[in-house]
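Visitor: Below are the sequence and a predicted model for it; my questions follow.
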Amino acid sequence: MHELSVAQSIVETAVEEAQAHGASRVVGINLQLGRMSGVQREPLEFGFEISSKGTAAEGATLKITEIPLTIRCRSCGAESGVEAWEFICRVCESGDVEILTGRELAIVSLDVE
Ligand SMILES: [Zn+2]
């Protein structure tokens, strides 16, 4: 399960960061998760529960902010919010677009004590 290894690295990062700041426990992790990150929310939460057992992040709340997919058209410059895999400009219907948001998979902040 891909999400399990992602969850493990989240736990490792969170625990290292907490220790670096002299905290003994991670109580909350604020995470940005893009729709196009390739990681599903439910298995990630499940993986986190497993991975955090016995670590300083055990019992921490995983607060996930889902980032929608937005694209910018290289032809007309318009920015559109789109559904996954629908890489077409809503304004001029060009397929020449770049992804602006939706690939995020990052820890934004930690709550520690
Ligand atoms: Zn366009």
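Guide: Looks like it arrived, so ask away. These numbers come from a predicted model, not from an experiment.
Visitor: C-alpha only now, for contacts and for neighbours.
Guide: Fine.
Visitor: Give me the distance between the residue nearest the centre of the chain and Gly77.
Guide: Of all residues in the chain, the one closest to the mean position by C-alpha atoms, centre = their mean is Leu33, 2.4 Å from it. Counting by C-alpha to C-alpha, to the nearest Å, the gap from Leu33 to Gly77 is 25 Å.
Visitor: How about Glu42?
Guide: 35 Å.
Visitor: Neighbour count for these two, which is higher?
Guide: The neighbour comparison of Glu42 against Gly77 (other C-alpha atoms under 10 Å) goes to Gly77, with 13 against 10.
Visitor: Can you check what pLDDT the model gives the more buried one?
Guide: As predicted, Gly77 sits at a pLDDT of 97.
Visitor: Then Ile107?
Guide: 97.
Visitor: In a helix, it, correct?
Guide: No - counting by DSSP: H, G, I helix; E, B strand; the rest coil, Ile107 is not part of a helix but strand.
Visitor: give me every residue that touches it.
Guide: 10, 29-32 (C-alpha atoms under 8 Å, 6 or more residues apart in numbering).
Visitor: Can you tell me which of these is nearest Ala57?
Guide: For those, the closest approach to Ala57 (C-alpha to C-alpha) belongs to Ile29, at 8.9 Å.
Visitor: Is the residue nearest to the centre of the chain in a helix, a strand, or coil?
Guide: strand.
Visitor: gap between the two ends of stretch 9-28?
Guide: 15 Å.
Visitor: For that stretch, what is the distance to the chain centroid?
Guide: The chain centre lies 17 Å from the centre of stretch 9-28; the measure is C-alpha atoms, centre = their mean, to the nearest Å.
Visitor: Enumerate the positions of it that are buried.
Guide: Judged by neighbour count (16 or more other C-alpha atoms under 10 Å), stretch 9-28 contains these buried residues: 10-12, 14-15, 17-18, 25-28.
Visitor: List the contacts of it.
Guide: By C-alpha under 8 Å, 6+ apart, stretch 9-28 touches 29, 48, 51-52, 55-63, 107, 110-113.
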